[in-house]
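Engineer: no FASTA, just this:
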């Protein structure tokens, strides 16, 4: 059934309005990063025509530890993502291929884990890390992020592996391949979109984590969300500095998402077909 010109135009207008709505915070950050402090909240707001300045960028690069914060975030996100995939992908495959009803039901345990408020696990985990003398280290934050990331990876990959035809693996087993070879040479290559989608979720969760980083890091291991918090003080809020640091925080995640967007959409689509 062909859609009318009016319906196409309305759909286009709605899409444009939605895009503009979601891009407004980004546009605000961009404009604020080039404004003097007094112009950040002028009424009526100046969106395009105002006195541009690079003062905020100079301030961030010279007087803050933003490069260090970004490096710490990269280390934590890469560590948590790698560990989550190493644990979650094989676990999701094992649950998907298991014929045991008990093991299949265990997948809901990981879903339940995702429903637990993060703050409920923070204090016990803080005490454990204190006793292990890991407070303030990358390891403490990576491990706690992995608890939630790996749970999502298991649930996601279980659903994804169920969509991968098992007959292909059975044919490989008949040809003499071991179960491990069937997993590494057949199942894994076919599940790359699902792995990428899971990895992107882990990266975004770890990159944006504020609560765990606030409690578990030291001045040397602070991540970029805590760096942005430093723009707030008892005297004033440096909106320009905050906007610049926020832009620096967005860029790495944005680049990764743009490069892997095709796999991300495909992985989410196929992974949601079966629960």
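Structural biologist: Thanks, I have the structure now. This one's a predicted model, so the numbers in the text were calculated from it and none came from an experiment.

Engineer: hey, where'd the helices end up in this structure?
Structural biologist: Assigned by DSSP state H, the chain shows helices spanning 5-33, 55-63, 66-97, 101-105, 107-115, 118-131, 138-163, 166-174, 179-182, 188-190, 192-208, 211-216, 224-229, 239-271.

Engineer: let me see the mean pLDDT of the last one.
Structural biologist: Per-residue confidence for helix 239-271 averages out to 75 on the pLDDT scale.

Engineer: ok, residue 185 to residue 109 distance?
Structural biologist: 29 Å (Cβ to Cβ, to the nearest Å). Yep, even glycine has a C-beta here, placed from its N, CA and C like the rest.

Engineer: more neighbours, the two?
Structural biologist: Counted by other Cβ atoms under 10 Å, residue 185 and residue 109 do not tie: residue 185 has more neighbours, with 14 against 11.

Engineer: so who does the more buried one touch?
Structural biologist: Contacts for residue 185 were tallied using Cβ atoms under 8 Å, 6 or more residues apart in numbering; they are 172, 177.

Engineer: could you number the chain from 382 rather than 1 from now on?
Structural biologist: All right, first residue 382 from here; so that's residue 566.

Engineer: low-confidence stretches in the stretch 532-656 of the chain?
Structural biologist: Flagging of the stretch 532-656 of the chain using pLDDT under 70 yields the residue ranges 614-617, 643-656.

Engineer: what do you get if the cut-off is 50, keeping everything else the same?
Structural biologist: Per-residue confidence of the stretch 532-656 of the chain (counting by pLDDT under 50) places the weak regions at 652-656.

Engineer: then the stretch 382-531 of the chain?
Structural biologist: Across the stretch 382-531 of the chain, the ranges flagged by pLDDT under 50 are 382.

Engineer: could you find the closest non-adjacent residue to the residue nearest to the spatial centre of the chain?
Structural biologist: The central residue of the chain, meaning the one whose C-alpha is nearest the mean C-alpha position (Cα atoms, centre = their mean), is residue 585 at 1.2 Å. Spatially, and ignoring its direct neighbours in sequence, residue 585 is nearest to residue 634 (6.3 Å; Cβ to Cβ, 6 or more residues apart in numbering).

Engineer: quick one: closest of the helices of the chain to residue 422.
Structural biologist: Taking Cβ to Cβ as the criterion, helix 620-652 is the member of the helices of the chain that comes nearest to residue 422, at 7.8 Å.

Engineer: what sits up against stretch 608-623?
Structural biologist: Contacts for stretch 608-623 (Cβ under 8 Å, 6+ apart): 413-414, 416-418, 421-422, 436-437, 440-441, 445-447, 450, 591, 595, 626-627, 630.

Engineer: same question, stretch 458-469
Structural biologist: Contacting residues not belonging to stretch 458-469 are listed as 519, 522-524, 526-527, 530-535, 537-538, 576, 579-580, 583-584, 586-588 [Cβ under 8 Å, 6+ apart].

Engineer: now do the buried residues in it.
Structural biologist: By neighbour count with 16 or more other Cβ atoms under 10 Å, stretch 458-469 contains the buried residues 458, 460-462, 464-466, 468-469.

Engineer: now tabulate the residues you listed in TSV and tack on distance to residue 483.
Structural biologist: Written out in TSV, the entries for the buried residues of stretch 458-469 read as follows (distance: Cβ to Cβ, whole Å):
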residue	distance to residue 483
458	34
460	32
461	29
462	30
464	26
465	24
466	25
468	20
469	20
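
Engineer: which among those gets closest to residue 494?
Structural biologist: residue 469 (11.7 Å).

Engineer: quick check: the residue nearest to the centre of the chain touching residue 637?
Structural biologist: No - applying Cβ atoms under 8 Å as the test, residue 585 and residue 637 come out as separate, 9.0 Å apart.
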